Every structure is written in structure tokens, then in C-alpha cells.
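mind looking at a prediction? Sequence and model below.
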Number of protein chains: 4
Amino acid sequence: MEAAVSRISREGPSDARQVRSRNALTGALLELLEEKPFDQLTIREISARAGTGYATFFRHYPTKEALLSDVASEEIADLLARTLPVLYDSNSFESTRALCGHVAEHRNLWAALLTGGAAGIVREEFIRQARQLPRDMVERKSWLPADLGVVYGTGGTIDLLAWWLSQDEAYSPEEIAAILNRLIIAPLISGERSPASA
Amino acid sequence: MEAAVSRISREGPSDARQVRSRNALTGALLELLEEKPFDQLTIREISARAGTGYATFFRHYPTKEALLSDVASEEIADLLARTLPVLYDSNSFESTRALCGHVAEHRNLWAALLTGGAAGIVREEFIRQARQLPRDMVERKSWLPADLGVVYGTGGTIDLLAWWLSQDEAYSPEEIAAILNRLIIAPLISGERSPASA
Amino acid sequence: MEAAVSRISREGPSDARQVRSRNALTGALLELLEEKPFDQLTIREISARAGTGYATFFRHYPTKEALLSDVASEEIADLLARTLPVLYDSNSFESTRALCGHVAEHRNLWAALLTGGAAGIVREEFIRQARQLPRDMVERKSWLPADLGVVYGTGGTIDLLAWWLSQDEAYSPEEIAAILNRLIIAPLISGERSPASA
Amino acid sequence: MEAAVSRISREGPSDARQVRSRNALTGALLELLEEKPFDQLTIREISARAGTGYATFFRHYPTKEALLSDVASEEIADLLARTLPVLYDSNSFESTRALCGHVAEHRNLWAALLTGGAAGIVREEFIRQARQLPRDMVERKSWLPADLGVVYGTGGTIDLLAWWLSQDEAYSPEEIAAILNRLIIAPLISGERSPASA
DNA sequence: CTCTAATCGAGACGGTACGTCGCGTCTTACG
DNA sequence: CGTAAGACGCGACGTACCGTCTCGATTAGAG
């Protein structure tokens, strides 16, 4: 349950009981995400694991997905803030390595979110958030629609991270950062030349 | 229902009624996939749309997912056969263009599969199949784990195609092929140089 | 469960499974009515006793009360047909005795319905049905509103029967018939003279 | 809310706040009883109508029924004291008329109690109290079990009053008293002759 | 007139039954 | 006598209300 530790009391309702219930629920979700796919979890199961009443779940979240969102969306926003800047940054490798380092530090959390069956939902939330970010700074590529750049860069990065996290720590953050840079970042920020045409 | 036309009688049981039922079910699924996400469909709904009895569904498929598989897996295998070769092909642009052309010709089918809510399942099936393909031919990159190459190449390609199919035909197959080539294929087959170090 | 025996297959749906389920439910209700008040029964409890699934209950009855109605309303109509005629019959004692005899023969059923906690509902259903019966035949009493005559005659009779059935068989049908006749029937059919004023 | 007026401060705790809360609750119950059946009321609804907090209800009454009891049981005892004596009184008509007059004077209260959905509970409470009254004075009828006499006399009277109160004041207390006398009282106190034999 | 303790409102909580829905199985009745 | 229709057992859903509980914030009424 180390993953849940970082979730305690980020901020929330004033009533201490509500805080306790919410933390119990988010913690239970993260625990269960490491055991089975998100869509095989039932609200009853999550409530039971959290030690809260079944109806209490609905006093905090309208659906299972809302709970997942609550757990994930801040993390996603946080990670996105680390992901996109690399596109505008001349020294992208440093940013990329910082991104991978951050994920490695919260390996349990991100493994649960990206490989635990909630992957599809988390991925969509990622792209949804990424699409809403301002992207004026990035220079328009004539050959690459801006929206596609965002979708592809985000999705590809997530895929790469998910693959990494499913690999039992065989690769260091630096290695992954290098791959990420070469495989995804570089093509996106490269100039107008067509590298494949050579 | 044009998408379903290509699905008629690919091969199947001898009994004409079974053939009719299967086609009715696959057709109904494709119709419904254009209306709502896959996971919001019910077997009752599919049966009703197909004009068959509810229990009849189970005589042909054990689950909803099996029906989706029946609809999609051959298409996936077919498309995969067009996707992976580009990695080994020195003239990758031609292969890529052929791939995009093929998808464009079956736009309705692929739009339903990749953007209709079944996307997650189809995507996973894609990668699952891709992973099982022999990959001896591809030269090992020192910086790129082979498995990651497959996962990333497949996933990225699907994402790109999905994005394209959700764009109301604003881009031609050639344009997409160019992007695909530059964004995904080229980085995968490029040499040992470190592009980020520049 | 002798009470339920008389309920088997009175008439019903053609499907044998439906017949079986309905009989299981009616039987279970009658069993449970002898154990605790109707309003303390839950549908889950009735279903469990019947050996049917919980949802199956709702495939047959919309509410607990509907099941009670199905069990009771025919019996009520039947008994009503024996109750009201005594009012128009010159030889009322014979009719009354027949009524009491009939109730005695189905003692378990009527004890459950009239003393088992469902009493209130059954009573209201009784009066509701009685009110809808034609009453042209009965001669209007100048001192007694017709509607009141029906309500009072029905309610009083039910009360008397309920009291009897709660008495551990200490009284014979004939004794009850005599009391019923003297206490309720006679005052209702007596002439214009005021018997208490003498 | 005229009905509730008579309920104010009958006696109770010293603290003015408690008195206010109790009266708010009893008043709210009586209001709501005129709108819907007792068993369809929720404690939350009663509390809200009373303008008190939800938990405050439980500080005064353990259950909904207890509140109803608090509202009704004294009234019942009072009315019973007027009902039973008529049986022992040679001049029963006077007593009966007094009874009906009293009910007419508190029409709103009794209409709510006897016709408002709480009828079943109030009725049972009535009979319960009646059964516990001493009945040595009444001469035993050879043909009529004493307990039945009480149950029947009480129940019948309540039924008659309930019917009256549901009739939009079409009958005067005197008319009802006459009917009550003739229909219920007279048969109970009549001699040994068999009135049906005529 | 103050102080203190009872009472208040508000509402979250663990429970439990509700009635609905979809699943996948299995039986029925019909063609 | 095989197949389409659909009833069944199961179990999760989301809602509603129960009765308990913990909070401050009034607010009597005793000193």
C-alpha cells in the first residue's frame, strides 16, 4: 500500500470523517488495482476493502470511474506538466529524464494506473487533459497537424511508460528517457527535412 | 451497414441458417458500434438488432467480446500483415502507403473498430497478435528492446490511424502515410546514431 | 403448508416454470405469514423461502402487496359471495352457518390472512371489494346509509371471524354463526322499529 | 393545523426547547397524516416538516410509531373512557351521543387518526387498550364471550366513526349516535332472546 | 448577567432492502 | 424433433431510509 501513502489528505472536505472515508476508498482502489483489472472491480468490493459502508461510496463518488479519476487526475495533471514541456524545451533530454525519474519514484502508483486494467480509462483521461492544454508555444509543423502531435506524443509516451512499468525494473529511468527521446520526442520536434526519405 | 458487407460469409459453418445468424450478429454489432461504445452494448440489444433470439447469440459466441473478436481478429491479422513488414522493408514508404490505402478502403469498418468504443479491446488484440509474430528478421537495435519496438510500433500506428479516422476525412491516405513514416517508422528503423544528442 | 395446497394451479400462465415459481411464492408467503407479520417480511425473505431467485419475484409480482393480493383476492371474492347474500336472505342463519363452515374448512388460510399481520391489508381489500358489489337488492333502511351497511357488515364480520380464528378452536362454526347472526346480521336486517329504544 | 393546537404542552420536560421540539414534531405528524398514509411517512420527512434536525427526532421518540402513540394514546384512552361505559349504562343513548359529540368536536384529530393511513395502528391500539380495561361490571352473556364483546364493540365503534369521519360531515353526531346505538350497542346489551328468530 | 451544560441543526456513517438490469443457463412450447 | 423465445438463478447496480454518531453553535436557566 505504499502507493496510497502519497494520496493521504492531499486536500478535501473539512469533516474529518469524510477525509477518512475518501482516503480509505482511494487506498482501497489502489490496492485492488494491483490485484485485478479495474473493470472487474465492484463498488461493493472497493467499499469492503476500504472498510466503509457500501452506500458511503456514493456519498463521495457517483461512479467507480469518478473514484479512479479522483485518484488519477491530479497525478495525470502533474505528470502532464512534466511531459509536454519537453516539446518546447531545447534541452529536451533533461526534461525527459526528469519525467522518467518522477515516474520511477512513484512506480507503484503508475504501474497500477497504467498497467492494471484501468489503463484504457487513464489513457483517455491523459489525452483529454493533454488536448486541453495550451499549445501555442510549440512551433507548427507543416507536415504534422497540431492536434495529432499532442495525441501522438501523449499516447506514445504513455505506451512507452506502460511498457516500461510492466518490465520488472529491467531498465533504468535514464535508458527509458533515452528511448523516449529518440523514439517520440525527436521526431516531433525535428525540422522540416523528411528523415525517412534519405 | 456497408462495413458489414465485406463480412458476409468469409468462411464458416455449413448450415445456411448458422451462416445467416452469424452474419446478422456481426452486422448488428458493426451497426451498433457506430451508435454507442462497445461496452455499453448488451447482448440483448445485439440480438434484437440482428433479429435473432437472445439465446441464439450464445450458440454462436460465448461472450460479447468473442463476437467482436470474430469481427475484428481477421481484420487485425490482415492489417498486421501490412503493418509489420514495413519495418523490415527498405522501401518502407511504399508499404506504409499501401497500409493507409487499405484502411481508407475499409474506412467504416476500421472507424467502428478503432474509434467506436471498442478501441481499447481492439488495440489490445492488435498488440497481442503483433507480439506473437516472428520478429527474427528485424535487426536488433542496441538501444531499443525488440518487444518495445513491436509494442510501440503497433500501438503508435493504431493511434495514428484512429486519430485519422476520427477526423472526417480531412487527410488523404498519402498524407497519413507520410506522417506515419516520419513519426513512427523512421525512428524505429533508423541507425545507431543518437538523434537527441545533436 | 396445508394452506398452500388449495392454491396450487388455480389457473395461470401456460409455462410450467411460471406456474412452479408462482406456487412457490404464494406458498412461501403463506408459510411466512404464520411466522411473522406481513409488513416485517422482505421480498428477499419470501424469495429465499420459495427457493426462487430474488429477481424472479418481480417477474411475477410488482410488490409484496401484489403477491398478497394474488393469494387473497380470490379467496376474498369467494368468501364475500358467501357473506353478502345473507343480508338478502330471509333464512339468514343457514347462510351464516355455511359461511362459518367454509372458513373453518380453510382455517389455516384464513387465520394467516386475518390474524397474521396482513390483517389490515386483507381487511381493506375485503371492504373495497364489498363496496363494489351491487346492492340494489337490499332494501334501503331509512336510518342506515347503504354504504355504511356494507362497510359495517363486512368489517364486523371480518373482525368476528378474526377473533374466532385467534381463539384456538374453542368455538364451533355453529356457535360463531349464531353470534354473527345475532350481533351483526340481525341488526342490519331488522325492521324500522328501534330495538334499543324499548 | 388546528388539530395540533390541543396537543400543545399537555405535559412534558421542563426545558423550553424540548417542549418546542416535541410540539413541532407532533404538529408535523398531524399535518402529514392528512396528506399521506402514516406508513409512507419517513422520519426525515417529519423532521423536515417540523423544522427540527433529523437526529432531534430520536432524542424524543425511538420510532415513528412512538410519536404516533404520543399523539394518539391519550386521546384513545380518553375516548375509550367514553366508549365502554355505554355498555354498562342503562341509558346508553345519552352516553353514545356524548361520545359522538366529543369526536365531532375534535374532528380533525380523529379524522387524521382514523382515516389517514394510521388507521390500522390506531385501531389496534384502541383494541389493545380496551382489552385491558376492567370489565367485571358487564353482565356475562351466555351466548357472547366477554372478550369478543369488547373487541367487537370497540372495533365496530371505531369502524363506524371512521366511516362517519370520511363522509364530509353529511351526518350529525345525533344521527351517528342513533346508528351506533342501534347497530352495535343494542345487540351487545340485549337480553337472551334470539332476535333473528322473529 | 453571566456561565455552564443541555439541546440544538446538520449531516456523515454502517447497514439493509429496495427495484432494475444484464448475464449466461436451461427449459419450454412451437413449427 | 430441433430451434426461437424467454424464464430462471445470480449478483451488481444506484437509491432511500434506518438508527447511531460526532460535530460546533445556540441558548436556557441556575447561580
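Arrived safely, thanks for sending.

contacts and neighbour counts: CA atoms only from here.
Will do.

how much space between the residue nearest to the spatial centre of chain A and A:R82?
The centroid of chain A falls nearest to A:I76 when counting by Cα atoms, centre = their mean (4.3 Å). Separation of A:I76 from A:R82 (Cα to Cα, to the nearest Å): 10 Å.

hang on, the earlier thing: show me what the helix or strand hosting the residue nearest to the centre of chain A is packed up against.
Using DSSP states H and E, A:I76 sits within helix A:64-83. When contacts are defined as 3 or more Cα pairs under 8 Å, 6 or more residues apart in numbering or on different chains; DSSP states H and E, helix A:64-83 packs onto helix A:16-33, helix A:92-105, helix A:119-132.

quick check: angle from that helix to helix A:16-33?
Interaxial angle, helix A:64-83 versus helix A:16-33 (axes from the mean of the first three to the mean of the last three Cα atoms, to 10 degrees): 80 degrees.

does helix A:64-83 come close to DNA strand E?
No. Using Cα under 7 Å from any atom of the strand, helix A:64-83 never reaches DNA strand E; the gap is at least 13.7 Å.

quick one: contacts of that helix?
The contact list for helix A:64-83 (Cα atoms under 8 Å, 6 or more residues apart in numbering or on different chains) reads A:7, A:25-26, A:29, A:42-43, A:61, A:95-96, A:98-99, A:113, A:122, A:125-126, A:129-130, A:154.

which parts of it are buried?
For helix A:64-83, burial by neighbour count (16 or more other Cα atoms under 10 Å in any protein chain shown) applies to A:64, A:67-69, A:71-73, A:75-76, A:79-80, A:82-83.

what mean pLDDT does that helix have?
Helix A:64-83 shows a mean pLDDT of 85.

what's the spacing between that helix and its chain's center?
For helix A:64-83, the separation from the chain centroid amounts to 6 Å (computed by Cα atoms, centre = their mean, to the nearest Å).

now swap in stretch A:179-186 and tell me
With Cα atoms, centre = their mean, you get 18 Å for stretch A:179-186.

if we can go back for a sec, next, format the buried residues of helix A:64-83 as a markdown table and append distance to B:A186.
Below are the buried residues of helix A:64-83 laid out as a markdown table (distance: Cα to Cα, whole Å):
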| residue | distance to B:A186 |
| --- | --- |
| A:K64 | 41 |
| A:L67 | 40 |
| A:L68 | 36 |
| A:S69 | 36 |
| A:V71 | 37 |
| A:A72 | 33 |
| A:S73 | 33 |
| A:E75 | 32 |
| A:I76 | 29 |
| A:L79 | 27 |
| A:L80 | 26 |
| A:R82 | 26 |
| A:T83 | 22 |
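
for A:T96, which non-adjacent residue is spatially closest?
A:A177 (5.5 Å; Cα to Cα, 6 or more residues apart in numbering or on different chains).

do I have it right that the one you found meets A:R97?
Yes. A:A177 sits in contact with A:R97 when judged by Cα atoms under 8 Å, with a separation of 5.0 Å.

out of the two, which sits in the more crowded spot?
More neighbours surround A:A177 than the other of A:A177 and A:R97, with 24 against 21 (other Cα atoms under 10 Å in any protein chain shown).

how about the more buried one, what does it touch?
Contacts of A:A177 by Cα under 8 Å, 6+ apart are A:F93, A:T96, A:R97, A:L99, A:C100.

what subset of those is buried?
A:F93, A:T96, A:R97, A:L99, A:C100.

what is the nearest of the residues you listed to D:L161?
A:L99 (82.4 Å; Cα to Cα).

what's the pLDDT at the closest one?
89.

would you map out the domains in chain A?
A:8-61, A:67-189 (automatic domain parsing).

mind checking how far the longest one is from the chain centre?
To tie it back to what came earlier, the one meant is domain A:67-189. With Cα atoms, centre = their mean, you get 7 Å for domain A:67-189.

distance between the ends of it?
36 Å.

can you list the weak-confidence ranges in chain A?
A:1-14, A:83-91, A:135-140, A:191-198 (pLDDT under 70).

for DNA strand F, what are the nearby residues on it?
A:L41, A:T42, A:I43, A:R44, A:A55, A:F58, A:P62, A:T63, A:K64.

could you check how far the second one is from A:L33?
According to Cα to Cα, A:T42 and A:L33 sit 11 Å apart.

more crowded one of the two?
Per other Cα under 10 Å, whichever of A:T42 and A:L33 has more neighbours is A:L33, with 23 against 11.

I figured that one was touching A:T115, is that so?
No. Counting by Cα under 8 Å, A:T115 is not a contact partner of A:L33; they are 9.1 Å apart.

quick revisit: any idea which helix or strand comes after the host helix or strand of the residue nearest to A:T96?
Following DSSP H and E, one finds A:A177 within helix A:173-180. The helix or strand immediately downstream of helix A:173-180 is helix A:186-189, counting by DSSP H and E.

how about that following helix and chain B, touching?
Yes. Interface with chain B: helix A:186-189 contributes A:A186, A:P187, A:L188 (Cα under 8 Å from any Cα of the partner chain).

in this structure the last one contacts A:V150, no?
No. In terms of Cα under 8 Å, A:L188 does not count as a neighbour of A:V150; the distance is 9.5 Å.

how far away is A:Y54 from D:E31?
With Cα to Cα as the criterion, A:Y54 and D:E31 are 35 Å apart.

compare the two (neighbour count), which wins?
Between A:Y54 and D:E31, counting by other Cα under 10 Å, D:E31 is the more crowded of the two (21 against 15).

how close does the more buried one get to B:T52?
Counting by Cα to Cα - D:E31 and B:T52 are separated by 56 Å.

A:N108 too?
For A:N108, the distance to B:T52 - Cα to Cα - is 47 Å.

what's the closest of the contacts of A:A177 to chain B?
A:F93 (7.2 Å; Cα to the nearest Cα).

name the nearest residue to that closest one, ignoring sequence neighbours.
Nearest to A:F93 is A:N181, by Cα to Cα, 6+ apart, at 6.5 Å.

count of neighbours near the one you found?
A:N181: 25 neighbours (other Cα under 10 Å).

next one: A:I127
20.

repeat for the one 4 residues further on
Burial measure for A:R131: 17 neighbouring residues, criterion other Cα under 10 Å.

quick one, what contacts it?
Per Cα under 8 Å, 6+ apart, neighbours of A:R131: A:D147, A:V150, A:V151.

just the buried ones from those residues?
Here, 16+ other Cα under 10 Å leaves A:V150, A:V151 buried among the contacts of A:R131.

okay, and which of the contacts of A:R131 map to helices?
Residues of these located in helices (DSSP state H): A:D147, A:V150, A:V151.

if we check chain B, which of the residues you listed are in contact?
Answer for those near chain B (Cα under 8 Å from any Cα): A:V151.

dump the residue contacts of the residue lying closest to A:R49 once chain neighbours are set aside.
Nearest non-adjacent residue to A:R49, counting by Cα to Cα, 6+ apart: A:A28, 5.6 Å away. For A:A28, the contact set (Cα under 8 Å, 6+ apart) comprises A:I46, A:S47, A:R49, A:A50.

the second one and A:L25 touch, don't they?
Meaning A:S47. Yes. Counting by Cα under 8 Å, A:S47 touches A:L25, with 6.7 Å between them.

which of the two has more neighbours?
A:L25 (27 against 21).

the more buried one touches A:A50, doesn't it?
Yes. A:L25 is in contact with A:A50 according to Cα under 8 Å; the separation is 5.2 Å.

now for the helix or strand that contains A:S47, which elements pack on it?
A:S47 is part of helix A:43-50, with elements assigned from DSSP H and E. For helix A:43-50, the packing partners by 3+ Cα pairs under 8 Å, 6+ apart come out as helix A:16-33, helix A:54-60.
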